[in-house]
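> Turn this into a model:
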Amino acid sequence: MRQVPVAPGTDDAGATRFFYAVRTTGIFCRPGCASRLPRRENVAFFGSAAEASAAGFRPCKRCAPEVEFPAGTPDAGAGGGGGAGVAMAGEHAAAVAKACRLLESAVGASEAAPVLPELARAVGISPSHFRRVFLTATGLTPRGYAEAVRARRMREGLARGAASLGKSRTAAATPTTVTEAMYNAGFSSPGRLYGNGKAWAMLGMAPGAAKRGGDGEAIRFAIGTSALGKVLAASTEHGVCAVFIGDDPAAMEADLRRRFPRAAVSPGDARYADVVRRVVALVEHPRGAGTGAGAAAANALPLDIRGTAFQQRVWKALTEIEPGTTSTYARIAADIGMPTATRAVAQACGANKIAVAIPCHRVVRSDGGISGYRWGVARKRELLRRESEGG
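As a prediction, the model looks like this:
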């Protein structure tokens, strides 16, 4: 008899309230999926589909674990249930899964991704209703999903190029590998990849650098002093890629090198001092962070923001929190259309490398408690105090 992986500490009745991911395949499923059972040592458990996605796993195409069902209805992939509510949830799951397959097939064939009316017609749902169903299930619009698929295929193709280059350091192979990755990812021409800075938004670096695993990318850094402690600022040629706050300059530099292991990290020259001064000023006057009122100081700093599609959605939502106010992890999850992704939102906040400029300090617990700040709870409290007092 087939057995479903069960999360530690759960019984059979609670088994459908988790998702399991398989490290060897990079795919996550809902319990009861008909796919081949993995070895227990290769399984990781998550409380929501968003958490699994945030950890880098892809949704299974058989059980559509990214589809969210109404409370109290059985999961479509796990079977069970009758009634109109379950049937409708199952129809929506099937529609979203079919649309995802159509989008992925088009991207894989380097064809134009089907637009919303075409997808809606293919699944038999009105365009406006299908857009809501798709957004609720995946957290993305169909167009956004297609872009995410292209980005994933591009990163995977360049990663394979990096692996092969590690075995044979032949620079002559670089253009071919990047070009192949571009077409395999569904870009019909270089203009589609490089236009409007799309490659940088997708990869956080030039495609050639991504293919080399970041080798050769130059990152300058310097450390200044603020009222909240030492402040490390680091930049690529495209903008500030890291802002750390701490007490130990050597530890902060080591952390920077750990986060960018294959880049050429070096101290900035005298001209970089101006960037550090502006970053320190932002730390000491955090009301300038974000896109709300008084955000001119942060907007004057060009940022090189790198992260998964989910992380970037969370970070964008953080910049929209008005200075002097706070939000909660649950509210941010709801704002991005994924109300069950509270823990994944907290993880995305914790993964933020650009302190204050991306104001993750403005997010608190649902009870108003201050916790979970990478650079120290005391600093988070002080940043909020300064903002509330107009600093």
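> Can you pull the poorly scored residue ranges out of the chain?
Counting by pLDDT under 70, the chain shows low-confidence ranges at 1-18, 31-32, 34, 40, 67-90, 110, 137-139, 152-216, 288-300, 391.
> Going along the chain, name the strands of the stretch 1-150 of the chain.
Here the stretch 1-150 of the chain has its strands, by DSSP state E, counting those that start in this stretch, at 19-22, 27-29, 43-46, 58-59.
> how about the helices of the stretch 201-350 of the chain, start to end?
Under the criterion DSSP state H, counting those that start in this stretch, helices of the stretch 201-350 of the chain are mapped to 207-211, 249-259, 273-284, 296-299, 309-319, 329-335, 342-350.
> how about these in a markdown table, adding mean neighbour count?
(Glycine included, C-beta is placed from N, CA and C.) Below are the helices of the stretch 201-350 of the chain laid out as a markdown table (neighbours: other C-beta atoms under 10 Å):
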| stretch | mean neighbour count |
| --- | --- |
| helix 207-211 | 23 |
| helix 249-259 | 14 |
| helix 273-284 | 19 |
| helix 296-299 | 16 |
| helix 309-319 | 20 |
| helix 329-335 | 20 |
| helix 342-350 | 22 |
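> Tabulate the ones you listed (JSON lines), appending distance to residue 143.
Shown next, in JSON lines, are the helices of the stretch 201-350 of the chain (distance: least, C-beta to C-beta, whole Å):
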{"stretch": "helix 207-211", "distance to residue 143": "22"}
{"stretch": "helix 249-259", "distance to residue 143": "31"}
{"stretch": "helix 273-284", "distance to residue 143": "34"}
{"stretch": "helix 296-299", "distance to residue 143": "27"}
{"stretch": "helix 309-319", "distance to residue 143": "13"}
{"stretch": "helix 329-335", "distance to residue 143": "20"}
{"stretch": "helix 342-350", "distance to residue 143": "22"}
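> To residue 96, which of these lies closest?
Residue 96 sits nearest to helix 309-319 of all these, at 16.8 Å, using C-beta to C-beta.
> Give me the helices and strands touching that closest one, please.
If contacts are counted by 3 or more C-beta pairs under 8 Å, 6 or more residues apart in numbering; DSSP states H and E, helix 309-319 sits against helix 49-54, helix 142-167, helix 329-335, helix 342-350.
> quick check: angle from that helix to helix 342-350?
Computed by axes from the mean of the first three to the mean of the last three C-alpha atoms, to 10 degrees, the angle separating helix 309-319 from helix 342-350 equals 80 degrees.
> Other residues contacting helix 309-319?
Helix 309-319 is contacted from outside by 50, 53-54, 139-140, 144, 148, 151, 289-291, 305, 307, 332, 335-336, 344-345, 348-349, 351-352, 358-360, 362-363, using C-beta atoms under 8 Å, 6 or more residues apart in numbering.
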